[in-house]
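>>> structure for this input, please:
(one chain, ligands or ions: 3)
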Amino acid sequence: MSDSDFSMRTLRDINELRATLREHRLNGQRIALVPTMGNLHAGHLALVAEARQQADIVVSSLFVNPMQFGPGEDLDAYPRTFEADQTKLTEAGCHILFAPTVSALYPNGLTAQTRVHVPEVGEGLCGGSRPGHFDGVSTVVSMLFNLVQPDVACFGEKDYQQLAVIRKLVADLHMPIEIIGVPIVRADDGLALSSRNGYLSEQERATAPSLYTTLCTLRDALAQGESAEQVLQRGKIALYDAGFTPDYLELRDTHLGPVTDATRHAVLLAAAKLGPARLIDNLSVQLPCAATD
Ligand SMILES: Nc1ncnc2c1ncn2[C@@H]1O[C@H](COP(=O)(O)OP(=O)(O)OP(=O)(O)O)[C@@H](O)[C@H]1O
Ligand SMILES: CC(C)(CO)[C@@H](O)C(=O)[O-]
Ligand code: BAL
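Numbers count the residues shown, from 1 in each chain. Ligands and ions are numbered 1, 2, ... in the order given. Predicted structure coming up:
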């Protein structure tokens, strides 16, 4: 499909989606999926740009998935900006927007719904602060994978644990889908772009980049060989001082396992509340070799 005859199709119906994709598949076209919850920003559009590099047909899904929100979380407040999202996806060269209703994906309601649970990697971190969250993510992503049957799917590294959960899901269930992680897109001041940044007041927005700058300071200290325990303790205090309430601040190996003396490539992960928003971020860290006698 050349850019000149390009127009994006918006599909809400599962059968129509399947029939459309079947034709593309019969034509030998490679299909990429970019799952989103909408309220699109440059982070999402980077996923679409990557998907375009990876495949002939880019499908983006837009679905605010009730199953991944816990009681008291922001399901109702979550920003819904459908027309603006449609325009951005069209301009980004997405071919198909799949935007199902809740009753189309969960016709029997949430309680009766079969769920997918990914053990171990989904526990702790966001899985600890948001019980059931990753079951909701894994269930809806499995459903989207079944409906779209993509060759490749793109997810942001901002949601680092989510990406790890999805990699394990695909491996454990032998799904023939390549999972691509896309680097975090940040604002000029370092804040990771997120739909939830829109919840911040002007003053909170001015504070928010210090989540990232704190992680940068901690990364540098760890790279210099300071002990993780001390660095993380200092980081938590810095976050409190800046006005955050940290949910967690942890150093893990890149597979989210514990850091050992042998670990060289690690990741610093944080989630912290700032006013009405819960922000997450992460940064990779190169750990020095332990000093030998
Ligand atoms: N700043 C970003 N850089 C790269 N990818 C991103 C960024 N923000 C979101 N994504 C990715 O976009 C996909 C859809 O995420 P989602 O729709 O939840 O957006 P979000 O802005 O992260 O919103 P939320 O506030 O819910 O975290 C996910 O794979 C997510 O990792
Ligand atoms: C992957 C996802 C679209 C599943 O609802 C969501 O968790 C998100 O936006 O990251
Ligand atoms: N970006 C992950 C979606 C969520 O926070 O529910």
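>>> all contacts plus neighbour counts: C-alpha atoms, from now on.
Fine.
>>> where in the protein is pLDDT low?
For the chain, applying pLDDT under 70 flags the ranges 1-6, 290-293.
>>> break it into its domains for me.
Per the record, the chain has its domains at 3-182, 195-286, by automatic domain parsing.
>>> quick check, the last one touching ligand 2?
Same thing as domain 195-286. No - for domain 195-286, no contact with ligand 2 is found by Cα under 6 Å from any ligand atom; the gap never falls below 9.4 Å.
>>> span of that domain from start to end?
Taking Cα to Cα, to the nearest Å, the first and last residues of domain 195-286 lie 29 Å apart.
>>> what about that domain and ligand 1, touching?
Yes - if you take Cα under 6 Å from any ligand atom as the test, domain 195-286 does meet ligand 1, through 195-196.
>>> make a markdown table from the domains of the chain and add mean neighbour count to it.
Below are the domains of the chain laid out as a markdown table (neighbours: other Cα atoms under 10 Å):
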| stretch | mean neighbour count |
| --- | --- |
| domain 3-182 | 17 |
| domain 195-286 | 17 |
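>>> quick check: beta-bridge partners of R186?
Going by DSSP bridges, R186 is paired in beta bridges with A192.
>>> the nearest residue to T214 once chain neighbours are set aside and ligand 1, how far apart?
Counting by Cα to Cα, 6 or more residues apart in numbering, T214 lies nearest to G235, which is 6.6 Å off, once chain neighbours are set aside. Distance check for G235 against ligand 1: by Cα to the nearest ligand atom, to the nearest Å, it reads 22 Å.
>>> re earlier: need the domains of the chain in JSON lines (columns: distance to D189).
Below are the domains of the chain laid out as JSON lines (distance: least, Cα to Cα, whole Å):
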{"stretch": "domain 3-182", "distance to D189": "15"}
{"stretch": "domain 195-286", "distance to D189": "6"}
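>>> find the helix or strand that the residue of the stretch 51-200 of the chain found nearest ligand 2 is a member of.
For the stretch 51-200 of the chain and ligand 2, the shortest gap (Cα to the nearest ligand atom) falls at V137, measuring 4.8 Å. Per DSSP states H and E, V137 falls inside helix 133-148.
>>> who does that helix touch, helix- and strand-wise?
The contact analysis (3 or more Cα pairs under 8 Å, 6 or more residues apart in numbering; DSSP states H and E) places helix 133-148 against helix 14-26, strand 31-36, helix 125-129, helix 160-172.
>>> so where do the strands sit in this protein?
9-11, 31-36, 57-62, 96-98, 152-156, 178-182, 245-253, 265-274, 277-286 (DSSP state E).
>>> so does the second one get close to ligand 2?
Yes - part of strand 31-36 sits close enough to ligand 2 to count as contact by Cα under 6 Å from any ligand atom, namely 35-36.
>>> off-centre distance for that strand?
In terms of Cα atoms, centre = their mean, to the nearest Å, the centre of strand 31-36 is found 12 Å from the chain centre.
>>> run through who's touching it.
Contacts of strand 31-36 with the rest of the structure, by Cα atoms under 8 Å, 6 or more residues apart in numbering, involve 25, 44, 47-48, 51-52, 54-64, 141, 144, 148-155.
>>> could you spell out the sheet neighbours of it, each with its direction?
According to DSSP bridges, strand 31-36 has the following sheet partners: strand 57-62 (parallel), strand 152-156 (parallel).
>>> with distance to ligand 1 added, can I get those in TSV?
Below are the strands paired with strand 31-36 laid out as TSV (distance: least, Cα to the nearest ligand atom, whole Å):
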stretch	distance to ligand 1
strand 57-62	8
strand 152-156	3
